[in-house]
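J.: Take this sequence and fold it.
(2 chains)
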Amino acid sequence: MAELLEFIHGFGGDLFGGLWPLVWTVVKIGILLAPVMFGVTYLTYAERRVIGAMQIRVGPNRIGIFGLLQPLADAVKLFFKETVLPSKIDRPVFLIAPVLTMAPALVCWAVIPFSPELVLSDINVGVLFILAISSLGAYGILMSGWASNSRYAFLGSMRSAAQMVSYEVSMGFTLIPVIMLAGSLNLGDIVESQKDMWNMIPLFPMFIIYFISVVAETNRAPFDLPEAEAELVAGFITEYSAMASGMFFMGEYANLILVSAMGSIMFLGGWLPPLEILGFIPGLIWLALKICFLLFVFLWIRATFPRYRYDQLMRLGWKVFLPFSLFWVFLTGAVLHLTGLA
Amino acid sequence: MVEQLTFYLFALVAVVAALRVITARNPVHSVLFLVLTFFSMSGIFVLLGAEFLAAILIMVYMGAVAILFLFVVMMLDVDFTQLRKGAINHLPLGIAVGIVILVELAAVAMNLHLSGEVNPALVEQVPNTMAIGKILYTKYLFPFEIASIVLLVALVGAVVLTLRKPRPGLKRQVISEQLARTREQSVEMKKVASGEGA
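T.: All right, here's what the predicted structure looks like:
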């Protein structure tokens, strides 16, 4: 492996000269994003099949074996459809919005560690980086709703932005006890700190609140009020067609995978195996399994719960989650101080 | 070389975006350009090795403050051509404020170079976050606490300003009451004789 890398570096250095570090970074980004995009396409398939099974339906099973080629067919369809631009939109903002929704979800993968060595950028403020970049997702949605010049879209984007800002707060507070236990903002250090016990065990309530908050943060059912079809047609996506709306969906699914990866790293021990004896299985596989489990729970929740009302959603975020997670931060601090672990 | 290229890229975007903030006709576009300026500035912070400040800048200013800005501007529907009409009368005042801010910034910048004191966060080989935390909770504890209390007062003030006496007869949903209901309290079985039900 090391020899291969050396060969690639030597070859690339000859070919590109001083620009090689830049080219190499782009190559690494490509290698990182390909599996993510693959995950995104097959998550749409998994969602339809899993929810189908839960509702005793079949789900897509016509294209390819078990319908495995369905995502490809969907992608082709989206590509060949005409992108309809309504006449009274703010064109540049309208077109940038879907890109801005999808880009943050992909950028965050730069700091996700897949194993002790396998991380694109091992920065010391990994957690903050993810919180910061994912908070930018609200811009895409706000911009799309405003630029569409449509009431449904505008209402949807207003709801969504308020919801994302509110739940970001409680999500941030659920991560603080984890940071306190690890004593670091580096995601790799946080995983290593869970060697003896996954954070899920001492911080179980925080794990639950984190999960519910990210369901709201990613605008998924039962908190999918921005696109509540009974009230708002499709919310901020109403005026988008073809690949533009496809990008919103890809952003949503990429975000889902990202928050699942984040949950696995913060609470489920990232690449660490659940038992010491299972250590022969590579960490990458453990992380993938954990992400898949959390994704399954997302789909499960969607198939199970009815949609929340908007005021109830806000009440839950501000009056229940925020005080409780603040209390838990205090409690964690007190316990760490009294036991002298900090 | 890559670092310098990146710096010029960020700096160029920041300056152009900052100019567009004041020249854009549409107030929503202005706010969006302001956001772009913030983003480029945080990029420059990263280049300086101040990754904590960069992340906080994005999180606080772009993730919260500017979003609320955008909210207000989108909702208000301000007619800016109307507002601009009297702008020329206020030009002297505007220029005066601009000059004051410029002089103040210049004074700060001069002091930074002349005092010769190097930022301790850069000297110690510890993570940036730790260095800032240490200095904030030891040397600057008092100003830090004062700042938090000022923010808290502002927060409480905002809540008090919007607080109204509840109207009489207002129905509120109390979730704990709803959850505490039992079957006996809510459902009653009645035997209705055939043909006599309502």
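
J.: following the lowest-mean-pLDDT helix or strand in chain B, which helix or strand comes up?
T.: When the helices and strands of chain B are scored by mean pLDDT, DSSP states H and E, helix B:120-123 comes last with a mean of 54. Sequence order places helix B:128-137 as the next helix or strand after helix B:120-123, per DSSP states H and E.

J.: Point out the residues in chain B that sit beside chain A.
T.: Proximity of chain B to chain A, by Cβ under 8 Å from any Cβ of the partner chain, involves residues B:1-2, B:26, B:28-29, B:32, B:35, B:51-52, B:54-56, B:58-59, B:62-64, B:67-68, B:70-71, B:74-75, B:127-129, B:173, B:175. Bear in mind the C-beta positions are built from the backbone N, C-alpha and C, glycine included.

J.: Only the buried subset of the residues you listed, as a ChimeraX command please.
T.: Listed next is the ChimeraX selection for buried residues among the residues of chain B next to chain A, using 16 or more other Cβ atoms under 10 Å in any protein chain shown:
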select /B:28,29,32,35,51,52,54,55,56,58,59,62,63,67,70,71,74,127,128,129
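
J.: Take the residues of chain B next to chain A and keep only those in helices.
T.: Among the residues of chain B next to chain A, DSSP state H puts B:2, B:28-29, B:32, B:35, B:51-52, B:54-56, B:67-68, B:70-71, B:74-75, B:128-129, B:175 in helices.

J.: roughly how far out does stretch A:162-181 sit from the chain middle?
T.: 14 Å (Cα atoms, centre = their mean, to the nearest Å).

J.: need the residues of chain A near chain B, please.
T.: For chain A, the residues in contact with chain B (Cβ under 8 Å from any Cβ) are A:18, A:21-22, A:90, A:93, A:123-125, A:128-129, A:131-133, A:135-136, A:138-139, A:142-143, A:146, A:154, A:158, A:161-162, A:165, A:168, A:184-185, A:311-312, A:315.

J.: and those, which are buried?
T.: A:90, A:93, A:123-125, A:128-129, A:131-133, A:135-136, A:138-139, A:142-143, A:146, A:154, A:158, A:161-162, A:165, A:168, A:184-185.

J.: residue in chain A nearest to chain B?
T.: Per Cβ to the nearest Cβ, residue A:135 is where chain A lies closest to chain B, at 3.0 Å.

J.: Nearest the geometric middle of chain B, what residue?
T.: In chain B, the residue lying closest to the centroid (Cα atoms, centre = their mean) is residue B:65, at 2.0 Å.

J.: and the residue nearest to residue A:227 when sequence neighbours are not counted, what is it in contact with?
T.: Take residue A:227 and drop its neighbours on the chain: the residue closest to it by Cβ to Cβ, 6 or more residues apart in numbering or on different chains is residue A:235, 3.6 Å away. For residue A:235, the contacting residues are A:145, A:152-153, A:155-157, A:159-160, A:225-228, by Cβ atoms under 8 Å, 6 or more residues apart in numbering or on different chains.

J.: Please type out the ChimeraX selection for whichever of those residues turn out to be buried.
T.: A single ChimeraX command selects the buried members of those (16+ other Cβ under 10 Å):
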select /A:145,152,153,155,156,157,159,160,225,226,227,228
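
J.: Least confident secondary structure element in chain A?
T.: Using mean pLDDT, DSSP H and E, the lowest element in chain A is helix A:229-232, with a mean of 72.
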